[in-house]
Structures are given as C-alpha cells and as structure tokens.
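Colleague: please work out how this folds:
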Amino acid sequence: MEPAKPLPPTSGRGAPANPRPTRTGSLDREADGDWLDAAEDVDGAPPPLRTTVTVEHPKTIISRNKSPDISFDRSINPYRGCEHGCIYCFARPTHAFHDLSPGLDFESRLFAKSDAATLLRAELAKKGYAAAPLAIGTNTDGYQPIEREWGITRSVIEVLAETRHPLLITTKSDRLLRDIDLLAAMARDNLVGVAISVTTLDAALARTLEPRAPHPRRRLAAIRKLIDAGVPTQVNISPIIPAITDHEIEAIMAAAADAGAIRASYILMRLPYEVAPLFRAWLDAHYPDRAAKVMHMMQDIRGGRDNDPDFFSRMKGQGIWPQLIRQRIKRAARAHGMDRSFPPLRSDLFRPPERNGQMELF
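Modeller: Below is the predicted model:
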C-alpha cells in the first residue's frame, strides 16, 4: 500500500488519510490525466463525511479460529467496520477485501448483519453443536454508535441468554449498559464475562486516538455498574502505545480498581498491513515531535518490523520494553487486588433453541 498522506483533521474521525486498497487492486489507479485527477479542484472541497450503513446478508454468523494464542475458538461480529474510528484498530485491513479503504472508509462505510440473531439460532440448533464461550467485540465493536438504532448485538445476546450459552464481551462503549438486564441474568449462572477497554484517561488524546468512542470516564462508570449488577468485569488496557500511553498504565489500573474491576489484561499495539502507514500518518499529524521515537520503539518490540504476525510473540512482543510492561501490570494488579481470575464460564447449561417450533427433547 502506498504511504498514507496526512489530510487536514476530519472532525470526529480517526484516520488522517483514506488510501486506496491495493491488495485486491480494483480500486488502485494511477493519475492518467483524466478529470478524476482534478475532481477536487473542479468541484471544490469534498462534502462532509457521513456514516453510511449497508445491510449484509452472510450465510453464517459464527466465525471460527484455530489461533493457539487466543482463548476462544468462536466469535460473532454483528458489524463490519467500526465508527469508533480507533486509529490503531487491527481490523482496519478487512475493509480492503471489499475494495474499500482501511482509512476513513473503515469508520464511515459500515455493514450491518441484520439477520445475525436468526443465523445464530439456526447454527446453535444444528445437531452436534457443542457449546463453548463465544466472543463479541474481538474484531469490531458490537456496541459502536450504530448499535443504538440497529440493536443487532442485543438480539444476538437474547438468543445466547435464551439458550444459556456462555459469552465473552469486549467493548470500549458504555452502551452495553442498555443490555445489563440480560447480562446480569446470565452472570448469575456464570455465563458471561465482560472486558471494558480503556486506552487512556486523557480526554484530549482519546479524541484523536478513538474519536467516536465514549469518554474514558464513562467506560469506568460502566465497569462500576456492571460489577454492582453482579457481572464479572475486567479492564483491558489496550492497546499500550510506546511513548504515547505507556506512562498511564498505573493510573488506569488504579481508576479501574476504584471502579471495582476484578482483574486487568493488556495488549501491546499491533500494526498489521494497512494499519502501519495509517498510524504513521496519525503520528505525523498529532505527534511529529516523537513520531520517529514511537516507531523505533515499535520496531524494537516487533523484531525490527512494524508488525510481528507470529503466534504468541505477536501478543507479547520482544525485548526489554515488553518485559517491563508485564512487570508493571503484575505489580499494579497485586497492589489493587486485581490479580484474580474470571469465574470459569459454564458450557454445560446450554440448551439448543427450538427447531421447527418444537423444543429439542434429546
């Protein structure tokens, strides 16, 4: 992919560029002298960027993975693309496979899987289905702003609650509190665990890193409300960005502990495929004074590359810096009583949904 050129900041958006995808090639074009090359000069400034949502009709809804360094083997993504606009999002490259840019397109041209609950019910009803924790929010956030109107994530959870299927949720939105009735009921049977991601406590930084995600204070308040409702909830310090957010680790841990979080997890920033040039452009736009330092540290962590795709090391990183991060996390977790484990989720309570209007007897 060609280097992403920084653009004037787009209000409420994360990516400072909208480079064409090149892995599929269909949108990759060079200047050839036609009017498209001068469209902006002829037509003036581009119109304000609006979020659009296209209904997608997949044949199945449960995604499977065999990654040895991930604790679950199945997940659901109710949406493709994410309006939160997090510049570091490792899911951005998936838009390239739809001939859309991993830049601004990823956060403004979204897809909604409106049949998700129906598809899930059909898959859970298949003979031989064996229940195990199913994750939501591991690719794009199931509680991004468009969930308010579409309600797809809630419809999926309703099916999981009905069938008593174990569920893991990761989100950086307090919008999941709308579903606290379902989550609290599931928690009473050890059927759900929640991770709330907090990247920074600095509101100004959050506005550029993750412009349409809720304020960090609202996420911490969501932790408290979930804990008070009996829903086991952890803080996920993710991602940790060298020379940008790493100085906040202890402060985030303390704030999460005050909110009642029972444990903490973290992820070092990853920059796969098109994310790396987009992040470089973001650094140039917002932190030109330390852009080179940040990328030098990232490459130290990733074995001299912008990204390390190898299992296990991709999560842990290499060298002294990741070791120091692990030590800081462990020390703060012990100090705040956040070194506990989640209650194990139960899979033995699962009961298949109705098939053809009749309950399964066997």
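Colleague: so where do the strands sit in the stretch 201-350 of the chain?
Modeller: In the stretch 201-350 of the chain, the strands defined using DSSP state E, counting those that start in this stretch lie at 233-240, 264-268.
Colleague: again with the stretch 51-200 of the chain
Modeller: Secondary structure of the stretch 51-200 of the chain (DSSP E, counting those that start in this stretch): strands located at 52-55, 62-64, 74-76, 79-80, 109-112, 134-136, 167-171, 192-197.
Colleague: make JSON lines from those and add mean neighbour count to it.
Modeller: Every residue, glycine included, has its C-beta placed from N, CA and C. Shown next, in JSON lines, are those (neighbours: other Cβ atoms under 10 Å):
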{"stretch": "strand 52-55", "mean neighbour count": "12"}
{"stretch": "strand 62-64", "mean neighbour count": "13"}
{"stretch": "strand 74-76", "mean neighbour count": "20"}
{"stretch": "strand 79-80", "mean neighbour count": "23"}
{"stretch": "strand 109-112", "mean neighbour count": "20"}
{"stretch": "strand 134-136", "mean neighbour count": "23"}
{"stretch": "strand 167-171", "mean neighbour count": "23"}
{"stretch": "strand 192-197", "mean neighbour count": "26"}
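Colleague: ok, which of those comes nearest residue 230?
Modeller: strand 192-197 (10.1 Å; Cβ to Cβ).
Colleague: which helices and strands does that closest one pack with?
Modeller: Applying 3 or more Cβ pairs under 8 Å, 6 or more residues apart in numbering; DSSP states H and E, one finds that strand 192-197 contacts strand 167-171, helix 180-187, helix 216-228, strand 233-240.
Colleague: show me what the third one is packed against.
Modeller: Taking 3+ Cβ pairs under 8 Å, 6+ apart as the contact definition, the neighbouring helices and strands of helix 216-228 are helix 180-187, strand 192-197, strand 233-240, helix 249-259.
Colleague: show me the one of the ones you listed that comes nearest residue 100.
Modeller: With Cβ to Cβ as the measure, strand 233-240 is the member of those nearest residue 100 (23.1 Å).
Colleague: what's the distance between residue 80 and residue 305?
Modeller: Applying Cβ to Cβ, to the nearest Å, the value for residue 80 to residue 305 is 27 Å.
Colleague: equivalent analysis for residue 269, please.
Modeller: In this view, residue 269 and residue 305 are 13 Å apart by Cβ to Cβ.
Colleague: in the protein, what residue spans correspond to helices?
Modeller: In the chain, the segments counted as helices under DSSP state H are 39-43, 104-108, 116-124, 147-150, 152-163, 180-187, 203-209, 216-228, 249-259, 275-286, 291-301, 313-316, 320-335.
Colleague: neighbouring contacts of the last one?
Modeller: The contact list for helix 320-335, computed with Cβ atoms under 8 Å, 6 or more residues apart in numbering, reads 237, 240, 242, 246, 249-250, 253-254, 263-264, 266, 268, 297, 300-301, 316-317, 338-339.
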